[in-house]
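1. only the shape, not the letters, is given here:
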């Protein structure tokens with residue numbers, strides 16, 4: 001359980017063009033898993049770790065996300081929507097959300113993936129390293145469709161390649177912990193990508209990888225969306241938890 005909760009940014013603004021043949025009537029992060037939106041399930045998981053304040057970076061079909069959570073208000077979580085009018089990319093969306101951040105360190109999650117990593121251990125790792133940025137890394141047998149990393153001494157990230165490696169590798173699990181200082185590297189109101197613009201630069205700086213054996217589940221393609229439905233239902237993570245299960 002996270003003892004001192006951090007602000008949590010969730011990237012939810014993408015169009016999900018690769019998933020369009022399976023999910024066309026809603027944003028990708030709202031794709032249904034056993035009748036519930038994936039994003040709602042992700043919020044449940046994060047609340048169970050002790051997180052309560054969420055900043056949703058929204059763009060494509062933002063009103064769909066806003067309307068859903070207004071219809072099912074949950075007093076145990078604080079939701080703030082950071083809206084982008086034009087696509088800003090993953091880094092640009094985080095920069096736009098800067099106005100809502102209340103602390104020096106903050107978590108970031110991709111809104112279309114789930115990895116049950118040990119978040120308290122991840123936070124401790126980041127702070128012990130005095131890192132500017134840390135990523136959760138998990139292993140994939142076929143890593144060609146994920147961002148892969150090269151690790152140096154002390155799990156320092158020395159290289160980041162976006163969707164280029166074949167075979168097994170450590171991959172980006174879509175969970176980040178950033179120091180607010182990192183935001184000074186991102187230009188305001190411009191398209192900017194974490195994976196293509198920020199991470200390759202950070203490989204020369206204070207950038208570390210936290211290794212986890214936990215699997216990565218994502219819904220980025222119709223095939224992986226089907227796999228996610230099966231996996232999350234078998235893990236019992238598609239039902240609304242009772243109040244005593246959330247902290």
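-> Great, that's in hand. Fair warning: this is a prediction, and the values are worked out from it, not measured in the lab.

2. which strands and helices sit next to the longest helix along the chain?
-> Taking DSSP state H as the criterion, the chain has its longest helix at helix 222-234. Here helix 222-234 touches strand 32-33, strand 217-218, going by 3 or more CB pairs under 8 Å, 6 or more residues apart in numbering; DSSP states H and E. Placement of C-beta: from N, CA and C, glycine included.

3. state the mean pLDDT of that helix.
-> Mean per-residue pLDDT for helix 222-234: 89.

4. list the buried residues in that helix.
-> By neighbour count on 16 or more other CB atoms under 10 Å, the buried set for helix 222-234 is 224-225, 228-229, 232.

5. is the residue nearest to the spatial centre of the chain in a helix, a strand, or coil?
-> The C-alpha lying nearest the average C-alpha coordinate of the chain belongs to residue 109 (CA atoms, centre = their mean; 1.7 Å). Going by DSSP: H, G, I helix; E, B strand; the rest coil, the secondary structure assigned to residue 109 is strand.

6. in the sheet, which residues pair with the nearest residue to it once chain neighbours are set aside? Tell me.
-> Closest residue to residue 109 apart from its sequence neighbours, by CB to CB, 6 or more residues apart in numbering: residue 10 at 5.0 Å. With DSSP bridges applied, residue 10 shows beta-bridge pairing to residue 56, residue 109.

7. and the longest strand along the chain, what does it pack onto?
-> Counting residues, the longest strand in the chain under DSSP state E turns out to be strand 169-179. For strand 169-179, the elements it packs on are strand 105-110, helix 119-129, strand 133-140, strand 147-151, judged by 3+ CB pairs under 8 Å, 6+ apart.

8. quick one: closest of the ones you listed to residue 1.
-> Closest to residue 1 of the helices and strands packed on strand 169-179, according to CB to CB: helix 119-129, at 6.6 Å.

9. quick one: average pLDDT of the closest one?
-> On average, helix 119-129 scores 96.

10. would you mark the buried spots in that helix?
-> 119, 122-123, 125-126, 129.

11. got the confidence number for the residue lying closest to residue 226 once chain neighbours are set aside?
-> The shortest distance from residue 226 to any non-neighbouring residue, by CB to CB, 6+ apart, is to residue 22 (7.9 Å). Looking at residue 22, its pLDDT stands at 92.

12. hmm, back to that, who touches the longest helix of the chain?
-> 18-19, 21-23, 31, 33-34, 38, 41, 114, 215, 217-219, 238 (CB atoms under 8 Å, 6 or more residues apart in numbering).
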